[in-house]
Each structure stands twice: as C-alpha cells, then as structure tokens.
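Trainee: how would this look folded up:
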Amino acid sequence: MSTGSESPDPKQGEREYYARIGNTGINHALGKPFTDDKCNLNLSNVTAIFHLLGDPPGRVAEFGCGVGWLSIMLARRGYETVGVDIAPDAIHAGLQQRDALGLTHLDFQLADYETFDGQGSFDAVVFFEALHHAEDEAAAIACAHRALKPGGIMIAFEPGAGHSGTDEAREAIAQFGVHEKDMPIAKIIELGTAAGFTKHLQLPQPWDVLRTVYRPSYGSAKSSSEATRKFILGVFRAFRRIFFLRQDQSFVVLWK
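Mentor: Modelled structure (predicted):
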C-alpha cells in the first residue's frame with residue numbers, strides 16, 4: 001500500500017527525456033553527427049574509436065546510447081553492437097532505425113547502464129558523452145568492467161570539469177531534470193582503477209588536434225610558401241596540444 005511518501009525517481013528525467021523532446025528532437029538525434037553543431041568534433045572522435053577498436057569483428061556495447069546514432073555507425077562498420085539506454089522512447093527509435101537499415105548485428109536494450117549485465121561478453125564498452133548523465137558513475141564504470149572480456153577496453157569521451165556550470169547544462173537540468181555532472185578524466189581513471197581496470201591512457205581529443213592542422217584559412221595565403229608556413233605552424237600547435245595535454249581537451253581509454 002502506498003504511503004504517499006515515496007521518494008521521486010532520481011532517474012526520471014533521463015527516462016523521460018526523449019519522450020519530452022518529441023519527434024523533432026528524436027529525428028535530430030537520429031541524424032547525428034550531421035545534424036549537430038558539433039559534427040566535426042563527433043566525426044573525428046568516432047574515427048578515433050574505430051582506430052582504437054581495430055578492424056571488425058568485435059563485440060561492442062555503447063552505454064547511454066540514446067537513439068543510437070553511434071551504435072548504428074559501429075554496426076555499419078561491422079562490429080556486433082549493443083546499444084543500452086534507460087529511455088524507452090530512445091530505444092524504440094533506435095530499433096526502428098535498425099530495422100529500416102536492415103542491420104542484423106545491432107541490438108538495442110532498454111536497461112540501466114549502472115546495473116546492465118553483460119556477463120563478460122564484450123570486447124569494448126563506449127561512453128560517448130553519456131557517463132556524466134549517470135546517477136552513480138562508479139556503478140556505471142564497474143558495470144562496464146563486468147561486461148568486458150579480459151583485455152577488453154572502455155572508451156570514455158566526456159565533457160570534463162566545469163560542464164555542470166555551462167548555460168547548456170543548466171538549461172537541460174531546469175527543463176528536463178537530467179543529470180549534467182562534471183566528469184573530469186582524473187575522476188574516470190580513479191573510478192576505473194577502483195573497479196579493476198589495470199591500465200589507462202589519456203589521449204588528445206582528435207578534433208582538437210585536427211582543427212589545428214586542417215584549416216580553411218590556408219586559402220587566404222598569398223603564396224604557396226605562406227600556405228606551407230601556416231601548415232607548419234598548425235602542425236606545431238597540434239604537437240603542443242598533444243604534449244601539453246589539458247584535461248578538457250582529452251578522452252580516456254581503460255583496459256581490463
């Protein structure tokens with residue numbers, strides 16, 4: 001019998017997010033990365049994931065997949081992919097898109113990535129701007145560790161320190177009641193080590209390096225030699241970003 005004093009579900013905002021943004025928001029999410037202002041960033045980071053995973057075959061889980069645009073890209077690349085999300089409307093949209101594309105080695109599961117049971121069956125688990133939505137990020141990382149085979153990898157692209165104070169995060173919290181936590185690399189490494197990951201590597205955001213080398217401004221050079229000088233300067237800046245890596249310009253890979 002209900003006493004009327006039950007505490008609210010702290011994950012309700014995450015469960016209901018896609019229902020609340022409606023078809024327009026869902027269609028925008030399904031069109032990612034091309035429909036998003038961060039298209040270049042996301043495409044660069046997805047390419048990095050492909051390199052880190054190596055050539056298919058392989059079994060990959062995306063935790064916090066939303067409507068599954070990245071899971072779809074992973075499946076189209078040839079990996080056996082499982083997208084996991086807590087939002088029913090997101091999973092429904094992902095399944096519809098999977099069926100429309102005829103992707104037979106892609107599944108979407110309605111589940112909480114803090115308790116999902118992968119039974120050591122995955123070669124990789126990916127958090128792509130999803131871990132900072134966790135109620136308990138330590139539980140989510142421990143769950144990823146359990147889901148991985150020995151030697152499997154966890155890849156985490158997260159917005160880092162200061163995210164919760166941005167206008168975008170404040171607006172999402174106020175409007176949808178979702179979590180928008182700071183998720184610095186050092187915290188992910190600490191929680192990963194506690195969960196049993198044996199090693200980690202912090203890497204530069206691919207987009208942040210590429211944008212210093214591949215620039216439309218080369219076209220403003222008055223000569224080939226000036227364009228070359230601009231290119232050399234871009235390469236120098238890219239190396240400086242790599243060797244003086246900032247937390248907010250990096251992502252992390254952990255190995256079980």
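
Trainee: Walk me through which strands the longest strand along the chain pairs with, and which way each runs.
Mentor: Counting residues, the longest strand in the chain under DSSP state E turns out to be strand 148-157. Each strand paired with strand 148-157, and its direction, by DSSP bridges: strand 122-128 (parallel), strand 250-255 (antiparallel).

Trainee: ok, and which of these has the densest surroundings?
Mentor: Stretch with highest mean neighbour count among these: strand 122-128 (a mean of 25; mean count of other Cβ atoms under 10 Å). Placement of C-beta: from N, CA and C, glycine included.

Trainee: Grab the nearest non-local neighbour of residue 65.
Mentor: residue 83 (3.4 Å; Cβ to Cβ, 6 or more residues apart in numbering).

Trainee: Quick check: bridge partners of the one you found?
Mentor: residue 62, residue 108.

Trainee: Might you report the residue contacts of it?
Mentor: Contacts for residue 83 (Cβ atoms under 8 Å, 6 or more residues apart in numbering) come out as 61-62, 65, 68, 71, 91, 94, 106-109.

Trainee: Quick one: the helices in this structure, in order.
Mentor: For the chain, the helices defined by DSSP state H cover 12-30, 39-53, 69-77, 88-101, 137-147, 167-176, 185-195, 206-213, 224-243.

Trainee: Which one of those helices lies nearest to residue 119?
Mentor: helix 137-147 (7.3 Å; Cβ to Cβ).

Trainee: State the pLDDT value of the residue nearest to residue 65.
Mentor: Per-residue pLDDT puts residue 83 at 98.

Trainee: State the distance from it to residue 251.
Mentor: Counting by Cβ to Cβ, to the nearest Å, the gap from residue 83 to residue 251 is 19 Å.

Trainee: How about residue 126?
Mentor: Counting by Cβ to Cβ, the gap from residue 126 to residue 251 is 11 Å.

Trainee: Between these two, which contacts overlap?
Mentor: 155-156.

Trainee: Pretty sure residue 254 sits against residue 152.
Mentor: No: between residue 254 and residue 152 there is no contact under Cβ atoms under 8 Å: 9.5 Å.
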